[in-house]
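K.L.:
compute the structure for the input listed below.
(chains A, B and C)
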Amino acid sequence: MEQALWFGWFRADIIAEYAPLFWQGLRMTILVTLICIVQGTTLGLAIGMARLAEARHAPARQLCRYALRWPATVYVSFFRGTPLFVQILLIHFAVLPVFVNPADGLLISGETARHLKQNYGAFLSGVVALTLNAGAYISEVFRAGIQSIDRGQVEASRSLGMSFGHTMVQVVLPQAFRRMLPPLGNNAISLLKDSSLISAIGLAELAYAARTVAGAYSRYWEPYLTISLMYWVLTLALAWAVRKMEARYGRGDSR
Amino acid sequence: MDVAIRVSGLTKQFGRLAVLRGIDCEVRRSEVVCVIGPSGSGKSTFLRCLNGLEEATGGRVDVGGVSVHDPATDLDRLRAEIGMVFQRFNLFPHRTVLENITLAPRKVRRLESAQARERATALLGKVGLLDKIDAYPNQLSGGQQQRVAIARALAMQPSVMLFDEPTSALDPEMVGEVLAVMRALAGEGMTMVVVTHEMGFAREVADRVLFMDEGMLVEEGAPAQLFEAPRHERTRRFLSKMLA
Amino acid sequence: MKAARAFIVAVSGALVALTAAAQPKELVVGSSATYRPFAYESPTKEIVGYDIDMIKAVAQKSGLQIRIVNTPWTGIFAALNNGDVDLVISGVTINDKRKQSYDFTAPYFEARQLIAVHKDSPVRALKDLAGKKVGVVTGSTGDDVASREFGKNSPNIRRFESTPVVIAELANAGLDAAIGDNGVIAFRAQEHKTLKTVSDAGFSKEYFGIVVKQGNKALLDKLNAGLAAVKADGSYGQIYRKWFQADAPALPAQ
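P.N.:
Predicted structure coming up:
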């Protein structure tokens, strides 16, 4: 392919040559990000509430402390306290092979395991690692958000005879959610950018495409500038979506 | 049953601090009982023990014959029979007035939306706020919010209503409208326990007044008797300060 | 006081300049030490390997002082270009594409590509890998070979940052095969009892060269002179035998 020089130095042709890889990478990055946002938020909600679990009377009281609060706290501490990069490698090379292995997988083995590992291995590991990681950070957002709701709201709701579940769903969470949107939005954006780390285990997403081109041509401006712009556009789109949500849920706010 | 609420030997400790030191009292059906006393006397804590918002360290409270603090009791169900009005209203800011009032009846009593709305409009009519049915709490004045809160509690058709200093957070010109609603409620025969600083209200509406000080029930009696001729020195001192 | 201070500064400055002039400039050598047996970190944190022994011998023969710095493969050429390192010896295959941007010395190692597969794999040649998941190191010769054979945008090519990671993925059944330089692949495959190597007659003979920045003729000439001397006096043969337990093949002069 002949060189296509932009501004006299930017070799757009090498990007064009690998265009399918960039395109696929973009789709993969978006897919991974969306899946992990949804799963991470769900997990974060569960863990956040587990951190706040309390009961008045035994045995529920001990159960809450040892089966809910403790494990949740340890989980959050670990996943916030270790680098995401390390978590990805750990899960892909150490944890997943224990469960999915053609020879002796605990969960899946044999031909299914081989097929799964080859076609979706990196995807699976990456999504699991990113979800667990995001879940830990998001759980803190939920915990803080729920705790920031005035106790009087809970007291009023319970005094009306509403159960804990109804109180959470109808009174606390809707109010907390509005407050949590900005930090949740930040977490979503972080997720988008963190997904680039999964390229290290061979997942064909955006950063992987850039690395491939850089590796083939030993040129760094073109591929990395290209994906930087793509990540930036994605981030702006995400931020816009969060703003829209903030506007939509802003009615009747209490201060 | 004639006795709506029975309290026996109620004690409450916060760590080393004894907030309630053994309260015994009974509230009969349709009785209006006002609880007065200085700050820190434990009156709010006492009230909150009646519907389980506070745990009792000792003694017991029975409402309609059901023990409030027994772990085996279905507390949610019991609370549906006990309405509570808070000093700071505690309306749900993210819901309209209508939704505030109909939420619990729909979720707990399983009322249909239409039925719940009917009940809400009737209650709003009673408290004089029908025109605010679709407003949000932050669009209402304090007095209006408290009246909505009363309607919200009444929507569950409780057998007992508890009021925790319902007018203390209100500007003086709005106190009257809330007291009027409470007076009307008393007139209809609702069993009410009211913690308040409004001596005028206590004197005119209460069937019985309880004076609490330092976690103990010092004196109780009909308002005429307690206000005109208090038996205890502490009661006298408190009243002279309040009515000076 | 002021005069005394100025005097001390002047003398120190002169001493530093003199000593600097007296010693030959130390050259920084970039090598990616995750490429056993060519360059890797020993348990005592030293960088050792075939490449290291060769560059030390060459430097000694041409009177150069060198310092070896572990440089990640991903940025090793960038480091050469911006002067972070003066030369690179890191199992770099001499090819035309790279010659466009850099200058190479004469060869110091003969390499072929090699395929690693599971012990029970029916794969006998490169084309048997069509449709299978193949792992390579990003931007390596193996990457080139795979890209040429299967298409550079093929989703079946999985690229990783270093050979140990590729082999780990292969051993975990995440890949069907791995392609890389014979020296490294053979070593890694024999570490894992479940793998074996397959050679393809189509794999051409290739050579490793020492890389310098394009146009750095002075350094290039010195290195080539040293390399010729190392080959001539048998040091090359010794080093080769030490690392590969076999006779060293003759290398072309270019």
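
K.L.:
how about the residues of the stretch 51-200 of chain A by chain C?
P.N.:
Selection of the stretch 51-200 of chain A residues close to chain C by Cβ under 8 Å from any Cβ of the partner chain yields A:93, A:97, A:101-103, A:113-114, A:117-119, A:121-122, A:200. (Each C-beta comes from the backbone N, C-alpha and C, glycine too.)

K.L.:
restricted to helices, list those residues.
P.N.:
Among those, the members falling in helices (DSSP state H) are A:97, A:113-114, A:117-119, A:121-122.

K.L.:
state the distance from whichever residue of chain C sits closest to chain B to B:K241.
P.N.:
Ranked by Cβ to the nearest Cβ, the top residue of chain C for proximity to chain B is C:P155, at 47.6 Å. For C:P155, the distance to B:K241 (Cβ to Cβ, to the nearest Å) stands at 84 Å.

K.L.:
neighbour count winner among the two?
P.N.:
C:P155 (13 against 9; other Cβ atoms under 10 Å in any protein chain shown).

K.L.:
just give the nearest non-adjacent residue to that one, would you?
P.N.:
What sits nearest to C:P155 in space, not counting adjacent residues and going by Cβ to Cβ, 6 or more residues apart in numbering or on different chains, is A:A204, at 6.3 Å.

K.L.:
ok, now which ones touch the one you found?
P.N.:
Going by Cβ atoms under 8 Å, 6 or more residues apart in numbering or on different chains, A:A204 touches A:21, A:24-25, A:28, C:155, C:158.

K.L.:
now do C:N81
P.N.:
C:N81 makes contact with C:K213 under the criterion Cβ under 8 Å, 6+ apart.

K.L.:
for the ones in helices among the residues of the stretch 51-200 of chain A next to chain C, give me JSON lines that also has pLDDT and neighbour count.
P.N.:
Formatted as JSON lines, the entries for those read as follows, by pLDDT from 0 to 100; neighbours: other Cβ atoms under 10 Å in any protein chain shown:
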{"residue": "A:P97", "pLDDT": "84", "neighbour count": "24"}
{"residue": "A:A113", "pLDDT": "80", "neighbour count": "21"}
{"residue": "A:R114", "pLDDT": "79", "neighbour count": "22"}
{"residue": "A:K117", "pLDDT": "80", "neighbour count": "25"}
{"residue": "A:Q118", "pLDDT": "80", "neighbour count": "18"}
{"residue": "A:N119", "pLDDT": "82", "neighbour count": "14"}
{"residue": "A:G121", "pLDDT": "86", "neighbour count": "27"}
{"residue": "A:A122", "pLDDT": "89", "neighbour count": "27"}
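
K.L.:
phi, psi for the closest residue to chain A within the stretch 51-200 of chain C please.
P.N.:
Shortest the stretch 51-200 of chain C-to-chain A distance, computed as Cβ to the nearest Cβ: residue-wise this is C:G139, at 2.2 Å. Backbone torsions for C:G139, taken as degrees, to the nearest 10, come to phi 80, psi 10.

K.L.:
what of C:V198?
P.N.:
Here is the backbone geometry of C:V198 (degrees, to the nearest 10): phi -130, psi 130.

K.L.:
next, count neighbours for it.
P.N.:
Under the neighbour criterion other Cβ under 10 Å, C:V198 is assigned a count of 19.

K.L.:
quick one on the thing from earlier: determine which two of the residues of the stretch 51-200 of chain A next to chain C are furthest apart.
P.N.:
The most widely separated members of these, counting by Cβ to Cβ, are A:A103 and A:A200 (24.7 Å).

K.L.:
these two: who's more crowded?
P.N.:
A:A200 (20 against 12).

K.L.:
using CSV, lay out the residues of the stretch 51-200 of chain A next to chain C together with distance to chain B.
P.N.:
Conversion of these to CSV gives the following (distance: Cβ to the nearest Cβ, whole Å):
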residue, distance to chain B
A:F93, 47
A:P97, 47
A:N101, 48
A:P102, 52
A:A103, 52
A:A113, 47
A:R114, 51
A:K117, 47
A:Q118, 49
A:N119, 46
A:G121, 44
A:A122, 42
A:A200, 44
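
K.L.:
and the pLDDT for B:D70?
P.N.:
B:D70 carries a pLDDT value of 89.

K.L.:
roughly how far does it sit from A:Q62?
P.N.:
In this structure, B:D70 lies at 19 Å from A:Q62, with Cβ to Cβ as the measure.

K.L.:
cool, C:T138 as well?
P.N.:
C:T138 sits 53 Å away from A:Q62, taking Cβ to Cβ as the criterion.

K.L.:
same deal with C:D84?
P.N.:
Remark: distance between C:D84 and A:Q62 (Cβ to Cβ) = 59 Å.

K.L.:
neighbour-wise, which of those two wins?
P.N.:
Set side by side, C:D84 and A:Q62 show more neighbours around C:D84, with 14 against 10, by other Cβ under 10 Å.

K.L.:
model confidence score at the more buried one, please.
P.N.:
Spelled out, the predicted local distance difference test score at C:D84 is 87.

K.L.:
so who does it touch?
P.N.:
So, once contact is read as Cβ under 8 Å, 6+ apart, C:D84 ends up touching C:28, C:30, C:71.

K.L.:
would you mark the buried spots in the host helix or strand of A:A239?
P.N.:
Take DSSP states H and E as the rule and A:A239 turns out to sit in helix A:221-248. Within helix A:221-248, the residues that qualify as buried by neighbour count (16 or more other Cβ atoms under 10 Å in any protein chain shown) are A:222-223, A:226-227, A:230-231, A:234, A:238, A:242.

K.L.:
stretch C:64-76 too?
P.N.:
Judged by neighbour count using 16+ other Cβ under 10 Å, the buried positions of stretch C:64-76 are C:64, C:66, C:68, C:71, C:73-76.

K.L.:
quick one: is that stretch near chain A?
P.N.:
Yes: remark: stretch C:64-76 sits within contact range of chain A at C:T74, by Cβ under 8 Å from any Cβ.

K.L.:
what's the answer for stretch C:98-112, then?
P.N.:
Yes: residues of stretch C:98-112 are located near chain A by Cβ under 8 Å from any Cβ, namely C:98, C:101.

K.L.:
put the alpha carbons of that stretch into CSV.
P.N.:
Backbone C-alpha positions of stretch C:98-112 (Å, rounded to 0.1, in the frame of the first residue of the first chain) are rendered in CSV as follows:
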residue,chain,number,x,y,z
ARG,C,98,13.2,-2.8,9.8
LYS,C,99,16.2,-1.9,7.6
GLN,C,100,14.1,1.0,6.3
SER,C,101,14.2,2.5,9.8
TYR,C,102,17.4,1.2,11.4
ASP,C,103,20.9,-0.1,10.7
PHE,C,104,22.0,-3.6,11.5
THR,C,105,25.4,-5.2,12.1
ALA,C,106,26.4,-8.5,10.4
PRO,C,107,24.4,-11.5,11.8
TYR,C,108,25.3,-12.9,15.2
PHE,C,109,22.8,-15.7,15.3
GLU,C,110,20.9,-17.9,12.7
ALA,C,111,17.3,-18.2,13.5
ARG,C,112,14.3,-19.9,12.0
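
K.L.:
return the distance of it from the chain's centre.
P.N.:
10 Å (Cα atoms, centre = their mean, to the nearest Å).

K.L.:
state the mean pLDDT of it.
P.N.:
90.

K.L.:
list the buried ones in that stretch?
P.N.:
Within stretch C:98-112, the residues that qualify as buried are C:98, C:102-111, counting by 16+ other Cβ under 10 Å.

K.L.:
so which of those sit within strands?
P.N.:
Among these, the members falling in strands are C:102-111 (criterion: DSSP state E).

K.L.:
residue contacts, the closest residue to A:T226 other than its chain neighbours?
P.N.:
Taking Cβ to Cβ, 6+ apart as the measure, A:T226 lies nearest to A:I15, with 5.5 Å between them; neighbours along the chain are not counted. A:I15 makes contacts with A:22, A:213, A:222-223, A:226, as judged by Cβ under 8 Å, 6+ apart.

K.L.:
so how far is A:A4 from A:I15?
P.N.:
Applying Cβ to Cβ, one obtains 9 Å for the distance of A:I15 from A:A4.

K.L.:
picking that back up, hmm, which two among the contacts of A:I15 are most spread apart?
P.N.:
The distance between the two most remote of the contacts of A:I15 (Cβ to Cβ) is 11.0 Å, for A:F22 and A:E222.
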